[in-house]
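Student: Make a model of this:
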Amino acid sequence: MRGGDARTEALFSYVSCEARVPEDHPLRAIRNIVNEALAALSPAFADLYAKSGRPSIPPEKLLRALLLQAFYSVRSERQLMEQLDYNLLFRWFVGLSLDAAVWDVTVFTKNRERLIEGDIAAQFMAAVLNQARVKALLSDEHFSVDGTLIEAWASMKSFRPKDGSSEPPAPGRNGERDFRGEKRSNETHASTTDPDARLYRKGPGQPAKLAYLGHVLMENRHALVVDTRLTLATGTAEREAALAMIGARPGTHRITLGADKAYDAAGFVTDLRQCNATPHVAQNTTHRRSAIDARTTRHPGYAVSGRVRKRIEEVFGWTKATAGFRKTRHRNLARVGWMFTLTATAYNLVRLPMLLGEAA
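Tutor: Down below sits the predicted model:
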């Protein structure tokens, strides 16, 4: 018998979001890890808010919503609020009931700024990694580092002389701008849309773009991200960020650091050794002499680091392809850096349930 195409709305509903989510859904394991980390951050959240006044969006719910944006490639916070309105899975993960009202997008953005000021993203990453079952997966001796180009939310038309001497673009929604014969550099020009963005070329033959540089420190046992930095796009930023991340590692024991040829510089190698870190850096012998000699390359661990360090590209691939961070949707160094750290934490969370299952 054919069923009728009739609407089956009921006056009351007694089914919760919890009942709608399958027991084996991947987000269940991720949510348990996230909730444990958020509970550890409760004192830090309390310090960010006044003791009285109108209640804000709970920071725990706000962070869960931002994680969903990375997990499901939601391209804007406005679309994220739309999804929260009708997506039961999103409501369950964030902690909203079926009847709870969804926040206005401008209120959501304003509340996020408070978490940026408190540097909550870095603390959240640390809280995830410091969980006992997660900490057992991490290596505290062998690491890899690399950087990637992140396009700024600014057009080349906004890159104008700092002294205001150039003609503005033609009127209209996408007015023309003639750059022919104009010499542009970061010393004389700046973006009017995002002044922190820098004109940068990743390599020979590549186009120059307004961009930032994102840096990741990865432990080599399970290729999890343990630290991040976001810097202005300069020629020395990768090496400077690597030294900063190595210097922030706890303990004084000797470690190894794998890196590609861009890090093969005598000054950087010397600074690493002073930090009690063995530089497992790929040798750059193109028209020059490498700073890495047989003292390092003769050890079997050097070849192992060279193979494992390539997995750091998986981090960049996920953050750009899935989390949509190839071109940031935010402006200024602090805001983009905060989102970069949170996105790297989301990458860890996607991988941790399977790794913890294998360890069990």
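Student: From now on I want contacts and neighbour counts done on CA atoms only, so please keep to that.
Tutor: Noted.
Student: Arg329 - how many residues pack around it?
Tutor: A total of 17 residues lie near Arg329 under the criterion other CA atoms under 10 Å.
Student: how near is Ala154 to Leu232?
Tutor: 14 Å (CA to CA, to the nearest Å).
Student: Give me the more crowded residue out of the two.
Tutor: Neighbour comparison, Ala154 and Leu232: the larger count goes to Ala154, with 22 against 19 (by other CA under 10 Å).
Student: Now the more buried one. Nearest residue, chain neighbours left out?
Tutor: Thr193 (5.7 Å; CA to CA, 6 or more residues apart in numbering).
Student: can you pull the contacts of that neighbour?
Tutor: Thr193 makes contact with 153-155, 158 under the criterion CA atoms under 8 Å, 6 or more residues apart in numbering.
Student: mind checking how far the residue lying closest to Ala40 once chain neighbours are set aside is from Ala121?
Tutor: Take Ala40 and drop its neighbours on the chain: the residue closest to it by CA to CA, 6+ apart is Ala127, 6.7 Å away. According to CA to CA, Ala127 stands 10 Å off from Ala121.
Student: the more surrounded of those two?
Tutor: Shown here are Ala127 and Ala121; by other CA under 10 Å, Ala121 has more neighbours (21 against 18).
Student: ok so, going back, pull out the buried residues from the contacts of Thr193.
Tutor: 153-154, 158 (16 or more other CA atoms under 10 Å).
Student: who does the lowest-mean-pLDDT helix or strand in the chain touch, helix- and strand-wise?
Tutor: Every helix and strand of the chain was ranked by mean pLDDT, DSSP states H and E. The lowest is helix 17-20, at a mean of 84. Using 3 or more CA pairs under 8 Å, 6 or more residues apart in numbering; DSSP states H and E, the elements in contact with helix 17-20 are helix 88-94.
Student: in the very next helix or strand once past the helix it packs on, what's buried?
Tutor: As assigned by DSSP states H and E, the chain's next helix or strand after helix 88-94 is helix 105-117. Neighbour-count burial for helix 105-117 flags 105, 108, 111-112, 115-116 (criterion: 16+ other CA under 10 Å).
Student: Over to stretch 16-35?
Tutor: Across stretch 16-35, burial judged by 16+ other CA under 10 Å covers 17, 27-31, 33-34.
Student: on that earlier part again, which of the buried residues of helix 105-117 sits closest to Glu219?
Tutor: Ile116 (25.6 Å; CA to CA).
Student: Spit out the contact partners of that closest one.
Tutor: Neighbours of Ile116 in contact, by CA under 8 Å, 6+ apart: 334-335, 338.
Student: with the contacts of Thr193 in mind, which one is nearest to Glu167?
Tutor: Using CA to CA, these come closest to Glu167 at Ser158, 11.4 Å.
Student: pLDDT weak spots in this structure?
Tutor: Filtered on pLDDT under 70, the chain yields the residue ranges 1-13, 169-170, 175, 177-178, 358-360.
Student: okay, now the domains of it?
Tutor: 17-118, 138-152+211-330 (automatic domain parsing).
Student: Span of the first one from start to end?
Tutor: Think domain 17-118. Terminal-residue distance, domain 17-118 (CA to CA): 32 Å.
Student: For that domain, what is the distance to the chain centroid?
Tutor: Relative to its parent chain, domain 17-118 has a centroid offset of 17 Å by CA atoms, centre = their mean, to the nearest Å.
Student: Also the longest one?
Tutor: On the basis of CA atoms, centre = their mean, domain 138-152+211-330 sits 16 Å off its chain's mean C-alpha point.
Student: Start and end of it, how far apart?
Tutor: 31 Å.
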